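S.K.: Next come a sequence and a model predicted from it.
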Amino acid sequence: MSLRKLLAETIDNLYGYTQDDLIDLLEENGISLEDRQLDYYIGSGSYGDVYKVKGKNKVIKFTDNEDEYRKINWIMDAQESVKPENVVKYHFNKRVDDGLYFSIMEYLEKVDLSMSESVKKSMKMLERNVYSVLQVSSEENDDTISMKIEDLIDHLLDNRDATKEDIEGMKDAFEDIVENYDNIDIQILLKWIWDMISVLRTNEIILLIYEIDLMSDYFNDVINGIKELKEMDVWHGDVHQANVLKDPRSNKYKLIDPI
Ligand SMILES: Nc1ncnc2c1ncn2[C@@H]1O[C@H](COP(=O)(O)OP(=O)(O)O)[C@@H](O)[C@H]1O
Ligand SMILES: [Mg+2]
């Protein structure tokens, strides 16, 4: 019997169980849960427990977040038509009780990339920038982009402690970025860096630009995942480094954990 069928058949019995009872229940029903991974949100109060399903490329997540439950429903409705490449695939989503929900999704791997604190910090502002750029413009030419880069560098030169070498470094890094992203993504990245100017020191901004360039596969996928969610009318709401995992089958990075 498939995992999905098993859960669908036992769902009526789940009402009123504690999480430990649920785990016992699932195990009694032949679903072994291993590799328990707990990850608590700091500050938002949101909470989820994720378990690998033994012998399957699937995980189960229990959560008390109703918004997440609703967003997963939206994604499940839209994922067959949109066919996202950079959003985790969901198989199942169920309300057990008010305040307890669980979903089944494909198993993904943890991302093993070292990132500076500034990049981690910056990722929280990425979704907002994708939205604002997509809303304002659909297409701009390379002239405008190079002008924007000039503006950005001028701004740094005028207002910050940037040295001549810093500016040269930035120009080089920007050139690589322009090669590695398409127009709309460059605009998103520029808008993103622009937003970070007020929060980061000059050397952190330079590091950020270099890291974006070094991790262009990663950021291309994250930006595309946000765009795919937008196509499904879903605001992810919590894009950060722990909510990006890697699909070993397609070699793509995928967003998990919308809130
Ligand atoms: N599909 C998945 N495959 C593998 N591990 C996952 C999957 N989804 C979540 N995890 C792991 O569990 C952790 C917590 O899951 P997440 O959905 O982010 O919950 P929370 O709402 O507590 O942040 C993640 O950081 C990740 O390490
Ligand atoms: Mg998370």
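M.R.: Everything's here; your move. Since we're looking at a predicted model, the values are computed, not measured. Ligands and ions are numbered 1, 2, ... in the order given.

S.K.: What's the local residue count around Asp142?
M.R.: By other C-beta atoms under 10 Å, 10 other residues sit near Asp142. Where C-beta positions appear, they are placed from N, C-alpha and C, glycine not excepted.

S.K.: Pull the contacting residues for it.
M.R.: With contact set as C-beta atoms under 8 Å, 6 or more residues apart in numbering, Asp142 has these partners: 178, 183.

S.K.: Go again with 7 Å.
M.R.: Asp142 is in contact with no residue at all, counting by C-beta atoms under 7 Å, 6 or more residues apart in numbering.

S.K.: So in terms of bridging, what pairs with the closest residue to Lys110 other than its chain neighbours?
M.R.: Nearest non-adjacent residue to Lys110, counting by C-beta to C-beta, 6 or more residues apart in numbering: Leu245, 6.4 Å away. On the basis of DSSP bridges, Leu245 takes part in beta bridges with Lys254.

S.K.: Leu245 touches Tyr107, doesn't it?
M.R.: No - contact between Leu245 and Tyr107 fails when scored by C-beta atoms under 7 Å: they sit 9.0 Å apart.

S.K.: Shouldn't Ser103 be within a helix?
M.R.: No - going by DSSP: H, G, I helix; E, B strand; the rest coil, the assignment for Ser103 is strand, not a helix.

S.K.: So for Phe219, what's the pLDDT?
M.R.: Note on Phe219: pLDDT of 95.

S.K.: Name the nearest residue to it, sequence neighbours excluded.
M.R.: Looking at Phe219 with C-beta to C-beta, 6+ apart, the closest residue is Ile212, at 5.6 Å.

S.K.: What are the neighbouring residues in contact with Leu134?
M.R.: By C-beta under 7 Å, 6+ apart, the contact set of Leu134 is Lys230.

S.K.: how far away is it from ligand 1?
M.R.: Relative to ligand 1, Leu134 is positioned 25 Å away (criterion: C-beta to the nearest ligand atom, to the nearest Å).

S.K.: again with Gly99
M.R.: Counting by C-beta to the nearest ligand atom, the gap from Gly99 to ligand 1 is 15 Å.

S.K.: number of nearby residues for the residue nearest to Lys89 when sequence neighbours are not counted?
M.R.: Distances taken as C-beta to C-beta, 6+ apart place Glu106 nearest to Lys89, at 4.6 Å, with adjacent residues excluded. By other C-beta under 10 Å, the residues close to Glu106 number 17.

S.K.: who's in contact with Glu106?
M.R.: Glu106 makes contact with 57-58, 88-89, according to C-beta under 7 Å, 6+ apart.

S.K.: what about the stretch 51-200 of the chain, any weak spots by pLDDT?
M.R.: For the stretch 51-200 of the chain, the stretches flagged by pLDDT under 70 are 54-55, 96-98, 137-140, 159-160.

S.K.: before we move on, the earlier item: show me just the buried residues among the contacts of Glu106.
M.R.: Buried members of the contacts of Glu106, scored by 16 or more other C-beta atoms under 10 Å, are 58, 88.

S.K.: and of the contacts of Glu106, the nearest to ligand 1?
M.R.: Comparing these against ligand 1 with C-beta to the nearest ligand atom places Val88 closest, at 5.2 Å.

S.K.: Cool, thanks, talk later.
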